[in-house]
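Participant: Got a sequence here, can you build the structure:
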Amino acid sequence: MASPRARRLVLTACGFLCVGLAVLGWILPIMPATPFLLLAAWCFARSSPRLHMWLHGNRLFGRYLRDYEEGRGLPWTWKAATLALIWGSVAFSATFIARATWLRLLIGAIALGTTWHILRLPTRRR
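Facilitator: This is a model prediction of the structure:
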């Protein structure tokens, strides 16, 4: 079994990796940000209370993360933009990238699951 210090270091490193991937997800339309932010919050909660507080207080994605975790939902404009990006990316991938039928079906299934999750989130007024 790993020492508590080694475990904290691994979780902290994974948290920073996830924050970096979340930032990329905000830039690249084919990569989601929310799962990486949630994973980063989970890693930091178990490794560093200071980094966990930093993540929740961050001006770029702190409010988004807090609202999501506390069940307040997302503004309709964010939901619409997210769904447009997801389905635009799926259409592009299915048309130009994924050649195998099974891969197209997998991409579509993931998009359907993500769409279902987003639509189930509460819609809040800004």
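
Participant: Pull the contacting residues for the residue most central in space within the chain.
Facilitator: Nearest to the geometric centre of the chain sits T34, at 1.8 Å (Cα atoms, centre = their mean). Going by Cβ atoms under 8 Å, 6 or more residues apart in numbering, T34 touches A22, G25, Y68. Yep, even glycine has a C-beta here, placed from its N, CA and C like the rest.

Participant: can you do 10 Å?
Facilitator: 22, 25-26, 61, 64-65, 68, 74, 82, 114, 117-118, 121 (Cβ atoms under 10 Å, 6 or more residues apart in numbering).

Participant: Include neighbour count and secondary structure when you put these into CSV, please.
Facilitator: Listed next are the contacts of T34 as CSV, based on neighbours: other Cβ atoms under 10 Å; DSSP: H, G, I helix; E, B strand; the rest coil:
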residue, neighbour count, secondary structure
A22, 25, helix
G25, 18, helix
W26, 16, helix
F61, 19, coil
Y64, 17, helix
L65, 21, helix
Y68, 17, helix
L74, 19, strand
T82, 19, helix
T114, 18, helix
H117, 10, helix
I118, 17, helix
L121, 17, coil
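
Participant: In CSV, list those along with distance to R8 and pLDDT.
Facilitator: Shown next, in CSV, are the contacts of T34 (distance: Cβ to Cβ, whole Å; pLDDT from 0 to 100):
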residue, distance to R8, pLDDT
A22, 21, 87
G25, 25, 80
W26, 27, 78
F61, 23, 83
Y64, 26, 82
L65, 21, 84
Y68, 25, 81
L74, 32, 82
T82, 33, 81
T114, 32, 86
H117, 31, 87
I118, 33, 86
L121, 32, 87
